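> pasting the structure only:
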């Protein structure tokens with residue numbers, strides 16, 4: 001790794017933002033994601049967290065930087081400060097605050113913090129969406145503004161994933177049943193009109209931890225304004241959060257009584273995305289989820 005070259009690239013961007021340049025003394029690989037490498041950088045001033053990805057994914061890191069800043073500006077969740085992003089040779093990078101993470105801490109406060117963020121409501125004439133398209137994993141997430149949540153969720157969440165699934169080898173019957181589900185989405189919203197909460201957007205257990213003091217930390221967001229239940233539904237996928245987490249959340253922002261019926265509807269988006277990214281057994285989970293939802297509709 002050409003750390004001198006990367007350091008020069010980082011400092012070029014830091015100087016543009018009137019931030020202090022850094023001098024890398026050493027770098028240690030950390031456990032990272034599926035498509036990027038991450039390092040703890042030791043510098044003459046402090047430690048940093050550096051994420052490296054293929055050059056083609058620079059736009060993903062740029063969106064991540066803006067999403068982290070949006071959460072920080074809400075003064076609700078703790079997340080790493082993103083200092084700068086840029087490119088060097090065939091790689092893209094994102095420099096962030098280094099936070100020593102642990103898997104145990106104040107679960108109740110973690111739920112409270114999410115509740116506080118979900119109370120950040122977008123009230124404009126078209127409240128649902130985001131200021132730009134971003135990414136859920138490596139998948140483009142379309143965020144065109146909409147005044148209608150049911151339309152937004154059907155057309156900008158489920159439909160693009162269903163269309164992508166056809167390119168990934170899913171049977172046409174999945175697309176047909178998914179489109180039928182979109183046609184009847186309003187069934188799940190007869191007595192529920194969600195507000196446009198500020199969302200993390202990709203809130204599975206792997207995207208939250210605790211700092212050395214046991215305080216909750218959140219990272220790797222895919223922000224937009226939408227129904228807060230979408231975040232809650234994902235927390236219950238992939239070895240979800242503890243009962244104390246939901247206790248803390250309910251103290252701040254009680255969960256609507258109809259959430260259990262809508263939960264699989266919101267989990268479907270992430271199951272589809274996981275099929276499109278990873279294939280395998282996710283196809284059966286998607287098919288089962290759609291079948292159960294259509295049976296619920298009757």
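Nice, thanks for sending it over. In this text, all values refer to a predicted model and were calculated from it rather than measured experimentally.
> hang on, residue 237 in a strand?
No - using DSSP: H, G, I helix; E, B strand; the rest coil, the assignment for residue 237 is coil, not a strand.
> residue ranges with poor pLDDT in the stretch 1-150 of the chain?
Regions of the stretch 1-150 of the chain meeting the criterion pLDDT under 70 cover residues 32-35.
> and the helices in it?
3-16, 58-74, 107-118, 149-153 (DSSP state H, counting those that start in this stretch).
> could the ones you listed be laid out in JSON lines, adding distance to residue 205 and mean neighbour count?
C-betas here are computed from N, CA, C, even on glycine. Below are these laid out as JSON lines (distance: least, Cβ to Cβ, whole Å; neighbours: other Cβ atoms under 10 Å):
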{"stretch": "helix 3-16", "distance to residue 205": "31", "mean neighbour count": "16"}
{"stretch": "helix 58-74", "distance to residue 205": "18", "mean neighbour count": "18"}
{"stretch": "helix 107-118", "distance to residue 205": "11", "mean neighbour count": "22"}
{"stretch": "helix 149-153", "distance to residue 205": "23", "mean neighbour count": "20"}
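> next, format those helices as TSV and append distance to residue 91.
Output for these, formatted as TSV (distance: least, Cβ to Cβ, whole Å):
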stretch	distance to residue 91
helix 3-16	8
helix 58-74	9
helix 107-118	32
helix 149-153	35
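> residue 216 is nearest to which of those helices?
helix 107-118 (3.7 Å; Cβ to Cβ).
> give me the helices and strands touching the closest one, please.
strand 197-199, strand 216-218, helix 243-252 (3 or more Cβ pairs under 8 Å, 6 or more residues apart in numbering; DSSP states H and E).
> can you pull out the strands in the stretch 151-298 of the chain?
197-199, 208-210, 216-218, 224-226 (DSSP state E, counting those that start in this stretch).
> nearest to residue 125, of those?
strand 224-226 (12.6 Å).
> give the other helices and strands that the closest one contacts.
helix 149-153, strand 197-199.
> what's the first one in contact with?
Pointing back at helix 149-153 there. 128-129, 146, 185-186, 189, 193-194, 196, 226-227, 269 (Cβ atoms under 8 Å, 6 or more residues apart in numbering).
> so which of the helices and strands packed on strand 224-226 is nearest residue 74?
Of the helices and strands packed on strand 224-226, nearest to residue 74 by Cβ to Cβ is strand 197-199, at 5.8 Å.
> how far out from the middle of the chain is the closest one?
Chain-centre distance of strand 197-199: 11 Å, with Cα atoms, centre = their mean, to the nearest Å.
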